[in-house]
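A.B. asks: Coordinates for the following, if possible.
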Amino acid sequence: MNWKSLNRDLKSSRLIYLKGFLFLIIGTVSALTLLVESFSLRTGVLIIFTIWGFCRFYYFMFYVVQNYVDPNYRFSGIGSFLSYLLTKKK
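C.D. replies: Next comes the predicted model:
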């Protein structure tokens with residue numbers, strides 16, 4: 001098995017849903033682990049703000065830049081956004 005075959009677009013809707021729910025499980029388990037290890041209102045609030053902040057940044061990369069800043073930009077992941085920032089013409 002080579003890298004090219006592993007790095008292709010995911011087309012199965014069932015696998016896409018599975019991937020999404022796996023992300024949800026990872027986030028939930030991580031947040032619960034942090035709360036169990038350091039149970040406090042402050043920790044809970046910081047977890048909520050962290051999740052909210054990263055979600056908003058993801059929305060910014062995906063929607064805001066593509067629709068309001070550069071209509072030619074097409075989002076395909078965090079790596080593509082970082083590449084876009086480093087290579088775009090000023």
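A.B. asks: For Phe75, give me its contacts.
C.D. replies: 61-62, 65-66, 81 (CB atoms under 8 Å, 6 or more residues apart in numbering). Just so you know, the C-beta spots here come from the backbone N, C-alpha and C atoms, and that holds for glycine as well.
A.B. asks: That one and Met61, how far apart?
C.D. replies: 6 Å (CB to CB, to the nearest Å).
A.B. asks: list residues touching both of those two?
C.D. replies: With CB under 8 Å, 6+ apart as the test, Phe75 and Met61 both reach Phe81.
A.B. asks: Can you give me the distance of the residue minimising distance to the centre of the chain to Phe81?
C.D. replies: Residue closest to the average C-alpha location in the chain (CA atoms, centre = their mean): Tyr58, at 5.7 Å. As judged by CB to CB, Tyr58 and Phe81 stand 9 Å apart.
A.B. asks: And Leu32, by the same measure?
C.D. replies: Counting by CB to CB - Leu32 and Phe81 are separated by 29 Å.
A.B. asks: Val45 now?
C.D. replies: Val45 is 28 Å from Phe81, by CB to CB.
A.B. asks: So for the two, which residue has more residues nearby?
C.D. replies: Between Val45 and Phe81, counted using other CB atoms under 10 Å, the more crowded position is Phe81 (19 against 10).
A.B. asks: you'd agree that one is up against Met61?
C.D. replies: Yes: with contact defined as CB atoms under 8 Å, Phe81 and Met61 form a contacting pair (4.5 Å).
A.B. asks: Give me the contact list for the strand or helix carrying Ser30.
C.D. replies: Ser30 belongs to helix 13-37 when assigned by DSSP states H and E. Identification of contacts with helix 13-37 by CB under 8 Å, 6+ apart yields 10, 43-44, 47, 51.
A.B. asks: Many thanks, we can stop here.
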